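Chemist: got a predicted structure plus its sequence, pasted below:
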Amino acid sequence: MTSMISLFYCARLPFPSPVIARVTLEMAVGKEFDYLIPAELDGDVEVGTRVKVPFANRQVLGCVTALIETSPHAGLRPIIKTIGRQSHVTPKILELARWMAEYYCCPPEIALKTVLPEAVRREKEGWREQLFVRALPSLEPDPKLSKRQAEILAAARARKELPLQELLRQTNSTAQTLRRLEDKGLLHIAPQISERDPYARDTILPTQALTLNDAQKHAVEEIARAESPADGAGKSKPVFLLHGVTGSGKTEVYLQAIASALKNGKGAIVLVPEISLTPQTVERFKARFSSGPLQTLVAVLHSHLSTGERHDEWHKIRQGRARIVIGARSAVFAPVDPLGLIIVDEEHEYSYKQEEAPRYHARDVAVVRGRMESAVVVLGSATPSMESFFNVQKGKYRLLELPLRADDKKMPVVRIIDMRQAARREKAAPMFSQELKEAILKRLDRKEQTLLFLNRRGFATSLQCPLCGYVAQCPNCSLALTYHRHAGKLRCHICGHDANAPSVCPEPKCRNPAIRFAGMGTEKVEATLGKLFPRARVQRMDSDTLKRKEDYRRILGDFRTGKIDILVGTQMIAKGLHFPNVTLVGIIYADLGLHMPDFRAGERTFQLLTQVSGRAGRGDVEGEVFVQAFTPFHPAIQYARRHDFTGFYEQEMEFRRQLKYPPSSRIALLLLKGRNEEKVSFSAAHVKQEIQRIAGALPDLTVAGPAPAPLARAETYYRYQIMLRTRHISKLSLLLAAMIKELKLPDDVSLSVDIDPVNLM
Ligand code: ADP
Ligand code: ZN
C-alpha cells in the first residue's frame, strides 16, 4: 500500500487526555476541522465517533478521525453532541476508508460516508421501541381476579417476557384490561428496544457439515491452515482463488472455512452478488450456525431490507453478537472484529463494482481489507475474472480447484447451433432453430423443465422504417427505444423515457405505414413460445416482470414446484439457481454481447454462457445445453462449450497483452459530462493537456481520447472520455487527485474518474 492521504492523521495517540478532535465533515469541503471536546462529553469521543458540530452558522454531522492535544487554529468551537452510543467507524474501517479515498481518487468525506449504511448514519437513533409485558410475582397469596384477568396473567406467566401487542392478540383482550393488572402490581409494562429480524418468518432447520470430497477437503484444509493463529499472528494472510465448476460445492467449502475461523475466535464476511442473495442462500448460512458450539447470529445486509432492519442488522455486527455477515457489495465494510475470513463468491461479477463515487470494487477492497486486518480472503468462481487468474499466475493469489461436480453429476453436453445456416434455410433468422424446438418438445413430453436465456428484455429492440431508415430514438440519450408490447410503449433503457409507438413512419416526407419492429427481447420469446407450444406453461423473469420484492421468490417457487414448464429470462436466471428437474438450457442469441465496444465483451460472453449452462443437469437426468450463435467459432463460445476456463484465459490474455488492456495494464477512465456539447469537448481537450503535464512522472502512461463515449449522450448529458493506461495505477491516482484539485472547469461540466473501470460505455 502506498502513503496515506495527508488530510488524515490517525491512530490512538499517546497523549494523556486529548481535548481536541479533528473531524471530517459529511459535506464536500475537502479538508478537516478541529473542535473542542467539552467537559460533558469527556470520555465519549474517540476516533470513529460521529459527532454534530457547528459549521459557519449551521450544524453538521461529521466523523472524528483523530484526537489531538493542540491545534494550529485559534478560537475552536466545541462539539455539540455525539451520535450513537458506540463509535460507528472503527479505526480499522477508518483506515480502509482512507485507502479507498486515495486509491479511487475520491474525496475522503464520500469514502467515509460509504463505509456506514445510511440507516446507521442518521442522527436520530434508529432503534424501534415496543411495549413489553412481564408478569410479577403477586404479593397477596390469592389476588381477586376475574376469569379474564386470570387467563391473561397465566398467558403472561407462561413466558418470561413478551411484546404487549402479542399478548393482546393471544388473549384477545384490550390494553385497558392489561393496565388494570398493572395497577394491581401483577404486570410490569415498559418500552424496550425490539430488534427487527428480516428472516423471522422463515423456519430454519439446523444442518450438519457434509462429508467433503477430496478436492473440497484439500481446499478447506489449506484455508484453515492459513487462518490458524499458528500461521503467525499479525502476519499478512494469503488470498485464495477457489476455482470450482458450477455445482462443485463451493458453498460447503465456505461453510467449513467459516467454522474454522469461528473456532479461532474470529468472524467472517461473505459477499455475494445482490442478485444471488436469495432466501435459499441466506438460509444455508443461517442453518449451519443456528445451533451447536459455533452458534452465532448471521447478519444479512442488502438493499431489500427496510431501513430499520438494516440498522438493526448492522448493530448486531457492531455489538459482536453476529459474527458472520452475508451481504452484497457494501457488506465489505461490515464492522466484524476480529475478522478472520472474507469470502467473495462469484468474484467475477461486475455488480461488485460501484458505479458512483467512490467507484470501488468490493472484491479489491476485500483483498486490501484482508491485508490490513490479517484476514484470509477467498475469491470463489466457476469463471474467475481475468484479473484474479492473472494474480494467480503472478504468484500473488493461491489457486484452489474443484474440478468436478460435488454430487458426481456430469457436466451438461453443450451443442452449438450455427444460426447462419438456419437463417439461410428459412430465409430469415428464426428465433428458434429446429434443433432447439425439438429439444423443448421432448422436455414437455417427458415433464422435464427448460430454461431459456436471452439477455435483453422488452419485445423488440427498435422500431425502424425500412423505406427511409428512420429509427425511434430516445430524445435524451443516444440510444434506440425498445418496444414493450405488454405496456404498449416504446421505452428507453437508460433514462426510462416513455413514448407511444407510432403506426406510420413519423418522418413527414415518408409516412410509410409499413414501419416495423426489429430485433427481439424476452417478451417476444415468451410470445413466440405461446404460439409454438400452446399448452406449455411459460413464465418470463426479467426486471419488467419483477415489480414487487416477493415476485422473484414466487416465480422461483412456482418453478421449483413444477408449476412452470419453461422459464424465460435475462441474466437474472443465469446465476446460482439449482433446479434438479431442469434438463435443458437454451441460449437464444449467444453473440448478443460479443460485439459491444468493450474489451471485456469476450470474457463476459464466456462467463455468461458457462454460468447459464451450469444450470442444466443438476438432478438425476443428464443435462443438455443448446447455444444458438451467428459466430459459432468465436473462442468465447467454443471454450465455454468445452468448459475450458484455462484455455479461454490463455488466448484472451494474448489479446489483452497485445492491446495493453487489463490485466496486463491498468485503466483510469475519465468521463466529462455536460449539456453543452461544445463545452464538454473543449473541457476534455483541456483535461488532456493537463494530463500531458503529469505524464512525465509515469513513463508507461498511454492516453487515448478525448472522444465521445460509446454512449455519447445519456439523460440529456453529452459524454466524453479519456482513457489512461499504465501499470502503476496507484501512482496515477495520486497524480490525478493532485491535478483535479487545481483543475478549472466550467460550472456546467463535470469530471469523474473511474479507476479499474468495469463499464466502459
Ligand atoms: P457451487 O456453489 O459450487 O455451484 P453448491 O455449493 O451449490 O455448488 O453445491 C452443489 C450441490 O452439491 C448442492 O446441492 C450441495 O448440497 C451438494 N454438495 C456440496 N458438497 C457436497 C458433498 N461433499 N457431498 C455431497 N453433496 C455435496
Ligand atoms: Zn433515454
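Modeler: Everything's here; your move. Ligands and ions are numbered 1, 2, ... in the order given.
Chemist: where do the strands of the stretch 501-650 of the chain begin and end?
Modeler: Remark: strands assigned in the stretch 501-650 of the chain by DSSP state E, counting those that start in this stretch are 516-518, 538-541, 566-569, 582-587, 624-629.
Chemist: now those in JSON lines, with mean pLDDT?
Modeler: Putting the strands of the stretch 501-650 of the chain into JSON lines (pLDDT from 0 to 100) gives the following:
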{"stretch": "strand 516-518", "mean pLDDT": "83"}
{"stretch": "strand 538-541", "mean pLDDT": "93"}
{"stretch": "strand 566-569", "mean pLDDT": "94"}
{"stretch": "strand 582-587", "mean pLDDT": "92"}
{"stretch": "strand 624-629", "mean pLDDT": "93"}
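Chemist: buried residues of the longest helix along the chain, list them for me.
Modeler: Longest helix of the chain, by residue count under DSSP state H: helix 677-694. By 16 or more other Cβ atoms under 10 Å, the buried positions in helix 677-694 come out as 679-684, 686-688, 691, 694. The way it works is simple: take the backbone N, C-alpha and C, and place the C-beta from them, glycine included.
Chemist: now the angle from the following helix or strand past it to helix 677-694?
Modeler: The helix or strand immediately downstream of helix 677-694 is strand 702-714, counting by DSSP states H and E. For strand 702-714 against helix 677-694, the angle by axes from the mean of the first three to the mean of the last three Cα atoms, to 10 degrees is 160 degrees.
Chemist: what about strand 702-714, distance to the chain center?
Modeler: The chain centre lies 27 Å from the centre of strand 702-714; the measure is Cα atoms, centre = their mean, to the nearest Å.
Chemist: list the contacts of the helix or strand just after it.
Modeler: Under the assignment DSSP H and E, the closest C-terminal helix or strand after strand 702-714 is strand 717-726. Residues outside strand 717-726 that contact it (Cβ atoms under 8 Å, 6 or more residues apart in numbering): 660-661, 665-677, 680-681, 683-684, 687-688, 691, 698, 700-709, 711-713, 732, 760.
Chemist: what mean pLDDT does strand 717-726 get?
Modeler: Mean per-residue pLDDT for strand 717-726: 96.
Chemist: is ligand 2 contacted by it?
Modeler: No. Using Cβ under 5 Å from the ion, we find that strand 717-726 stays clear of ligand 2, coming within 10.7 Å at best.
Chemist: numbering from 39 from now on, please.
Modeler: All right, first residue 39 from here; so that's strand 755-764.
Chemist: run me through the strand neighbours of that strand, direction for each.
Modeler: Strand pairing for strand 755-764, using DSSP bridges, gives strand 704-712 (antiparallel), strand 740-752 (antiparallel).
Chemist: how many neighbours does Lys779 have?
Modeler: Here the count is done by other Cβ atoms under 10 Å, and Lys779 has 8 residues near it.
Chemist: sec struct for it, please.
Modeler: Per DSSP: H, G, I helix; E, B strand; the rest coil, the secondary structure class of Lys779 is helix.
Chemist: look up how far Gly661 lies from it.
Modeler: Distance of Lys779 to Gly661, given as Cβ to Cβ, to the nearest Å: 56 Å.
Chemist: and if you look at Pro700?
Modeler: Applying Cβ to Cβ, the value for Pro700 to Gly661 is 34 Å.
Chemist: more neighbours, these two?
Modeler: Gly661 (22 against 19).
Chemist: which one is the more buried one nearest to, not counting chain neighbours?
Modeler: Closest residue to Gly661 apart from its sequence neighbours, by Cβ to Cβ, 6 or more residues apart in numbering: Gly655 at 2.1 Å.
Chemist: next one: Ser541
Modeler: Pro551 (7.0 Å).
Chemist: I figured the one you found hits Pro540, correct?
Modeler: No. Assessed by Cβ atoms under 8 Å, Pro551 is found out of contact with Pro540, at 10.0 Å.
Chemist: rewinding a little: among the contacts of strand 755-764, which ones are buried?
Modeler: Among the contacts of strand 755-764, those classed as buried by 16+ other Cβ under 10 Å are 699, 703-712, 718-719, 721-722, 725-726, 729, 736, 739, 743-744, 746-747, 749-751, 770, 798.
Chemist: how near is the closest residue to ligand 1 within the stretch 589-738 of the chain to Asp446?
Modeler: At 5.8 Å from ligand 1, His616 is the closest residue in the stretch 589-738 of the chain, using Cβ to the nearest ligand atom. In this view, His616 and Asp446 are 15 Å apart by Cβ to Cβ.
Chemist: which secondary structure elements does the helix or strand hosting Val291 contact?
Modeler: Per DSSP H and E, Val291 falls inside helix 288-301. Judged by 3 or more Cβ pairs under 8 Å, 6 or more residues apart in numbering; DSSP states H and E, the packing partners of helix 288-301 are helix 252-265, strand 277-282, strand 305-309, helix 317-326, strand 360-365, strand 377-383, strand 414-419.
Chemist: want to throw those into TSV with mean neighbour count and distance to Lys391?
Modeler: Converted to TSV, the helices and strands packed on helix 288-301 look like this (neighbours: other Cβ atoms under 10 Å; distance: least, Cβ to Cβ, whole Å):
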stretch	mean neighbour count	distance to Lys391
helix 252-265	19	25
strand 277-282	24	18
strand 305-309	27	12
helix 317-326	19	21
strand 360-365	26	16
strand 377-383	27	12
strand 414-419	27	15
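Chemist: what's the closest of these to Arg159?
Modeler: Between Arg159 and the helices and strands packed on helix 288-301, the tightest spacing by Cβ to Cβ is seen for strand 360-365, at 16.8 Å.
Chemist: number of nearby residues for the residue of the stretch 89-238 of the chain at minimum distance from ligand 1?
Modeler: Nearest residue of the stretch 89-238 of the chain to ligand 1: Tyr237, at 19.7 Å (Cβ to the nearest ligand atom). Other residues within reach of Tyr237, judged by other Cβ under 10 Å, total 15.
Chemist: how about Phe428?
Modeler: Neighbours around Phe428, by other Cβ under 10 Å: 18.
Chemist: wait, it sits on Met691?
Modeler: Yes. Here Phe428 reaches Met691: they are 7.3 Å apart, a contact under Cβ under 8 Å.
Chemist: around ligand 1, pick out the residues from the chain.
Modeler: Residues of the chain that fall close to ligand 1, judged by Cβ under 6 Å from any ligand atom: 248-251, 254, 282, 284-290, 444-445, 616.
Chemist: what ranges of the chain fall below the confidence cut-off?
Modeler: Within the chain, the segments meeting pLDDT under 70 span 39-56, 163-166, 179-180, 239, 269-272, 587, 613-614.
Chemist: residues of it that sit close to ligand 2?
Modeler: Residues of the chain lying near ligand 2 by Cβ under 5 Å from the ion: 512, 514-515, 530, 532-533, 535.
Chemist: how about the strands of the stretch 539-688 of the chain in CSV, adding mean neighbour count and distance to Gly631?
Modeler: Converted to CSV, these look like this (neighbours: other Cβ under 10 Å; distance: least, Cβ to Cβ, whole Å):
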stretch, mean neighbour count, distance to Gly631
strand 554-556, 15, 18
strand 576-579, 21, 19
strand 604-607, 25, 15
strand 620-625, 26, 11
strand 662-667, 25, 12
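Chemist: quick one: contacts for Tyr292?
Modeler: Residues near Tyr292 by Cβ under 8 Å, 6+ apart: 308, 381, 383, 416, 418.
Chemist: which one of the residues you listed is nearest Glu167?
Modeler: Nearest to Glu167 among the contacts of Tyr292, with distances taken as Cβ to Cβ, is Val308, at 31.1 Å.
Chemist: any idea how far apart the tips of stretch 156-176 sit?
Modeler: Its start and end residues considered, stretch 156-176 measures 46 Å (Cα to Cα, to the nearest Å).
Chemist: now do that stretch: distance to the chain's middle.
Modeler: For stretch 156-176, the distance to the chain centre is 30 Å (Cα atoms, centre = their mean).
Chemist: again with stretch 554-573
Modeler: Centre-to-centre, stretch 554-573 and its host chain are 31 Å apart (Cα atoms, centre = their mean).
Chemist: now it: buried residues?
Modeler: Neighbour-count burial for stretch 554-573, counted by 16+ other Cβ under 10 Å, picks out 555, 557-567, 571.
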